[in-house]
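*Asks:* Sequence and predicted structure below; questions after.
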2 protein chains.
Amino acid sequence: MMVTVNENYLLLKSSYIFSEINRRVEEFQTRNPDADIIRMGIGDVTRPLPGAVVEAFHRAVDEMAGEETFRGYGPEQGYPFLREAIAENDYASRGVDVTPDEIFISDGAKCDTGNIQEIFGLDNVVAVTDPVYPVYVESNVMAGRTGPMDESGRYEGLVYLPCTEENDFIPPLPEEKVDLIYLCYPNNPTGTALTHKQLAEWVDYARDAGGIILFDAAYEAYIQEDNIPHSIYEIEGAREVAVEFRSFSKNAGFTGTRCAFTVVPEELEVPDSEGKMHALKDLWNRRQTTKFNGVSYPVQRAAEAVYTPEGQREIRESIDYYMENAKIIRESLEKAGLRYYGGVNAPYIWIRTPEGMDSWQFFDRLLNDAEVVGTPGVGFGPSGEGYFRLTAFNSLKNTVRAMERLSELSF
Amino acid sequence: MMVTVNENYLLLKSSYIFSEINRRVEEFQTRNPDADIIRMGIGDVTRPLPGAVVEAFHRAVDEMAGEETFRGYGPEQGYPFLREAIAENDYASRGVDVTPDEIFISDGAKCDTGNIQEIFGLDNVVAVTDPVYPVYVESNVMAGRTGPMDESGRYEGLVYLPCTEENDFIPPLPEEKVDLIYLCYPNNPTGTALTHKQLAEWVDYARDAGGIILFDAAYEAYIQEDNIPHSIYEIEGAREVAVEFRSFSKNAGFTGTRCAFTVVPEELEVPDSEGKMHALKDLWNRRQTTKFNGVSYPVQRAAEAVYTPEGQREIRESIDYYMENAKIIRESLEKAGLRYYGGVNAPYIWIRTPEGMDSWQFFDRLLNDAEVVGTPGVGFGPSGEGYFRLTAFNSLKNTVRAMERLSELSF
């Protein structure tokens, strides 16, 4: 015997979609050195940190410079000041009951949604919407909950819930029994949302089936319509079956600053194989205290400032800015005669590629003829084939320019 | 079937040592409200961030406030400016060849040493020194590489390498075949170090046995003696068998700021079960790009400033300060007639508890009679029984006061 690799990693497709996009863009740029490429692919914010956040960030850095105010190791779960601000502003203010000690501060929703599967048994059946944020799928592949990928792009043993035009992007309840269900709403990549009623059906399903919903609400701040829940805990009974992931990345521009949080309610209990119940919160706490050492103190102070009146005003401004871009994109697509979805409660617009054109062909067409980069839908799963994602995260100016170019193409 | 927990978590002992310490200290403080407790238990720095680091931190926060200079998602592996500074200053300057793309920036050595086991197969046999930093053990328990803990405090299936007075704290080569070997030198908790020659024996062993050394060098900056390697890559052949973990926590005071890095050399290849070789670097890269999203940009700029001449001067000052504390502790223990180890190339002093007194009895004695808190050695593993850890991370004033109190006790 000799040391061996985790062979589950070998099941992963070797090229992550964004690498392939970069490859094609670089190749195009090399062939066309003067090309003025506008990137509307990656879901990354572009507006600077809010002033209130920057001020708090500076103040905390100064604390780290003083003998009396310096902070070493903080609580792995995050500082009470931030957990309390979240409980108050993100939950209590909406009439939702989440206590500070149910909130775990982390350095990213990507990390948390990737790590959460660790605390569940390997035999659990995992369901994902299709298309889907690849981290949910790949973290389960790495852990060994799937077989290899088949020719259709589906990993064996994983349950895919197709979300397409045909079902208005509403994930169908699974026909087989599933244990863990990843839901991301407002959705990445489709930009669509679930109403209270639609999400309540999922909560009821999880309660009946003994499953857990892993609810990624990273885009919550983009919700504009009243009938869309901001938190899964607005749904009755969700505290017993749902974990919620939130992030400061997309509301306050923290993609490069790194802060997020995960809510694991007290009531959420999961059995072991002998039927004995365990509080999931204790397992997550054990995971985080053993393999994580908390978020940078100045970053936590910066995140706290998101909840000041000034911070709230500033992030609202940024979101309005991005959503104005989304509106411009929607209107341009309308004029161009392209079918699209999303862009109302989310910064993503999901385009149906024109007849006879697949996701990558549409990508190449846009790159070559409009010098605009988006994301081929098939990169998010087999049911993303025939779709294409644009994001509203560019500057207004670039968004307008990109849409002008797009409107000159004929499909 | 129903959703189930990861039952490996249920094998973990429920109380982490530092929780038990806190419990006893709080109880003591409640009973003795006027007690002036001096904490020399947790390995946390106390001196503020260096001025050069604070300046760079502020500058980067300002960048995040500007439209033109704002940074969103960075490379998951870390920014080239930091990876290059590390390659140059921590390695090239010592004649060690490590390239920037072998360096992965992270938010903590705790995270990296906890996560690294993920990329290896579950069948690998893991060896740890005993006593040991608990994260190495517990992350492998959680993954399922062990059975339950026996009455002696050892997890079934894990190979323990006792490091005690009897063998001068030099870990013996395993008698059975092992695949993954965690070594931490300078050592936490014993404060001892391995010479070039001693470490070279381990590298040779790993090369012969087809094993991998996971080398935690978080305390490298405390090395004072010439014959102690700062990096395992100073040893010939180590690039083919060793991963190295480093941190800014203990040299530059980043315990609350969070930045560290892991080196996975290009040549380090690990087979799958069919004997096909895989570059470990690619697996770690896949792990990090899938489940991690990079370190906060301002924190990376702060870490970069550690390598400026001013930053280097300042961290040297802090380390000298802590090592002066270590010297005072050593001299006081000498006078008190207590046997001790470490404190020369590490900020930890490992005390042999007096005849007839175990780790927790010594803890209680020190707490009750000197109001000084340290860490019972048994908390780091069964071979830590009969030992006790003090750290040099307090202020000079408190260290002197604590040692005065200790010298009044008779053992």
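*Replies:* Arrived safely.

*Asks:* residues near A:Thr46, how many?
*Replies:* Applying other C-beta atoms under 10 Å in any protein chain shown, we find 19 residues neighbouring A:Thr46. (Each C-beta comes from the backbone N, C-alpha and C, glycine too.)

*Asks:* Show me where the stretch 101-250 of chain A has its helices.
*Replies:* A:109-115, A:134-143, A:196-209, A:249-252 (DSSP state H, counting those that start in this stretch).

*Asks:* Figure out which of these is closest to chain B.
*Replies:* Taking C-beta to the nearest C-beta, helix A:109-115 is the member of the helices of the stretch 101-250 of chain A nearest to chain B, at 3.5 Å.

*Asks:* Let me see the confidence value for A:Tyr16.
*Replies:* The model reports A:Tyr16 with a pLDDT of 68.

*Asks:* With the one 3 residues further on instead?
*Replies:* Note for A:Ser19: predicted pLDDT of 80.

*Asks:* Also the one 3 residues further on?
*Replies:* Looking at A:Asn22, its pLDDT stands at 89.

*Asks:* Surely it is within a helix?
*Replies:* Yes - judged by DSSP: H, G, I helix; E, B strand; the rest coil, A:Asn22 forms part of a helix.

*Asks:* which one of the helices of the stretch 101-250 of chain A is the most hemmed in?
*Replies:* Greatest average neighbour count among these goes to helix A:249-252 (a mean of 26), per mean count of other C-beta atoms under 10 Å in any protein chain shown.

*Asks:* Now do that helix: which elements does it pack against?
*Replies:* When contacts are defined as 3 or more C-beta pairs under 8 Å, 6 or more residues apart in numbering or on different chains; DSSP states H and E, helix A:249-252 packs onto helix A:309-336.

*Asks:* Quick check: phi and psi at the closest residue to A:Arg330 other than its chain neighbours.
*Replies:* The shortest distance from A:Arg330 to any non-neighbouring residue, by C-beta to C-beta, 6 or more residues apart in numbering or on different chains, is to A:Gly343 (4.8 Å). Backbone torsions of A:Gly343, given as degrees, to the nearest 10, read phi 80, psi 10.

*Asks:* show me the residues around A:Gly343 that make contact.
*Replies:* Shown in contact with A:Gly343 (C-beta atoms under 8 Å, 6 or more residues apart in numbering or on different chains): A:Gly191, A:Ala326, A:Lys327, A:Ile329, A:Arg330, A:Ile349, A:Ala392.

*Asks:* my read: the fourth one touches A:Met403, true?
*Replies:* This points to A:Ile329. Yes - if you go by C-beta atoms under 8 Å, A:Ile329 and A:Met403 touch, sitting 6.2 Å apart.

*Asks:* These two - which one has more neighbours?
*Replies:* Taking neighbours as other C-beta under 10 Å, A:Ile329 and A:Met403 compare with A:Ile329 leading, 27 against 24.

*Asks:* Mind checking which residue lies nearest the centre of chain A?
*Replies:* Closest residue to the average C-alpha location of chain A: A:Ala218 at 5.0 Å, with C-alpha atoms, centre = their mean.

*Asks:* Do you know the pLDDT at the residue lying closest to that one once chain neighbours are set aside?
*Replies:* Nearest in space to A:Ala218, with sequence neighbours left out and distances taken as C-beta to C-beta, 6+ apart, is A:Ser247 at 4.4 Å. On pLDDT, A:Ser247 comes in at 98.

*Asks:* For A:Pro271, what are phi and psi?
*Replies:* Per degrees, to the nearest 10, the backbone of A:Pro271 is at phi -80, psi 160.

*Asks:* so how many other residues sit close to it?
*Replies:* When neighbours are counted by other C-beta under 10 Å, A:Pro271 comes out with 15.

*Asks:* Not counting sequence-adjacent ones, nearest residue to it?
*Replies:* A:Met277 (5.4 Å).

*Asks:* just checking, that neighbour touches A:Leu268?
*Replies:* No - at 10.1 Å, A:Met277 does not count as touching A:Leu268 under the criterion of C-beta under 8 Å.

*Asks:* Show me which residues of the stretch 101-250 of chain A sit near chain B.
*Replies:* Within the stretch 101-250 of chain A, the positions lying close to chain B (C-beta under 8 Å from any C-beta of the partner chain) are A:107-108, A:110-111, A:114-115, A:118-125, A:134-135, A:138-139, A:142, A:177, A:179-180, A:210-212.

*Asks:* The lowest-mean-pLDDT helix or strand in chain A packs against which elements?
*Replies:* Across the helices and strands of chain A, mean pLDDT, DSSP states H and E gives its lowest value to helix A:17-31, namely a mean of 91. Under the contact criterion of 3+ C-beta pairs under 8 Å, 6+ apart, helix A:17-31 touches helix A:359-370, strand A:375-376.

*Asks:* what's the following helix or strand after the longest one?
*Replies:* What that stands for is helix A:359-370. With elements assigned by DSSP states H and E, the helix or strand that comes after helix A:359-370 is strand A:372-373.

*Asks:* returning to that earlier point: let me see the contact set for the residue nearest to the centre of chain A.
*Replies:* By C-beta under 8 Å, 6+ apart, the contact set of A:Ala218 is A:Ala109, A:Cys184, A:Asn188, A:Phe245, A:Arg246, A:Ser247, A:Ser249, A:Lys250, A:Ala260.

*Asks:* Now stretch A:34-48: average pLDDT?
*Replies:* Confidence over stretch A:34-48 (mean pLDDT, whole number) is 94.

*Asks:* For stretch A:79-93, buried residues please.
*Replies:* A:Tyr79, A:Leu82, A:Arg83, A:Glu84, A:Ala85, A:Ile86, A:Ala87, A:Asn89, A:Asp90, A:Tyr91 (16 or more other C-beta atoms under 10 Å in any protein chain shown).

*Asks:* State the pLDDT value of the residue lying closest to A:Arg405 once chain neighbours are set aside.
*Replies:* Nearest non-adjacent residue to A:Arg405, counting by C-beta to C-beta, 6+ apart: A:Ala370, 4.0 Å away. As predicted, A:Ala370 sits at a pLDDT of 96.

*Asks:* returning to that earlier point: can you redo the helices and strands packed on helix A:17-31 as TSV with mean neighbour count?
*Replies:* Formatted as TSV, the helices and strands packed on helix A:17-31 follow (neighbours: other C-beta atoms under 10 Å in any protein chain shown):
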stretch	mean neighbour count
helix A:359-370	19
strand A:375-376	26
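
*Asks:* export the one helix or strand A:Ala60 maps to as CSV, just CAs?
*Replies:* Per DSSP H and E: A:Ala60 is located in helix A:51-64. Only the C-alpha atoms of helix A:51-64 are listed here, as CSV (Å, rounded to 0.1, in the frame of the first residue of the first chain):
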residue,chain,number,x,y,z
GLY,A,51,-18.5,54.8,2.3
ALA,A,52,-19.8,53.7,5.7
VAL,A,53,-18.2,50.3,5.2
VAL,A,54,-14.9,51.9,4.2
GLU,A,55,-14.9,54.1,7.3
ALA,A,56,-15.6,51.2,9.7
PHE,A,57,-13.0,49.1,7.9
HIS,A,58,-10.4,51.9,8.5
ARG,A,59,-11.4,52.3,12.1
ALA,A,60,-11.0,48.6,12.8
VAL,A,61,-7.6,48.5,11.1
ASP,A,62,-6.5,51.3,13.5
GLU,A,63,-7.7,49.2,16.4
MET,A,64,-5.4,46.4,15.2
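
*Asks:* neighbouring contacts of that helix?
*Replies:* Contact with helix A:51-64 is made by A:48-49, A:69-71, A:252, A:257, A:297-306, A:308, A:310-311, A:314, B:48-49, B:54, B:57-58, B:61-62, B:64-65, B:256-257, B:298, as judged by C-beta under 8 Å, 6+ apart.

*Asks:* Could you give me the buried positions within that helix?
*Replies:* Buried, per 16+ other C-beta under 10 Å, within helix A:51-64: A:Ala52, A:Val53, A:Val54, A:Glu55, A:Ala56, A:Phe57, A:His58, A:Ala60, A:Val61, A:Asp62, A:Glu63, A:Met64.

*Asks:* Helix A:309-336 and that helix, what's the angle between them?
*Replies:* In terms of direction (axes from the mean of the first three to the mean of the last three C-alpha atoms, to 10 degrees), helix A:51-64 departs from helix A:309-336 by 130 degrees.
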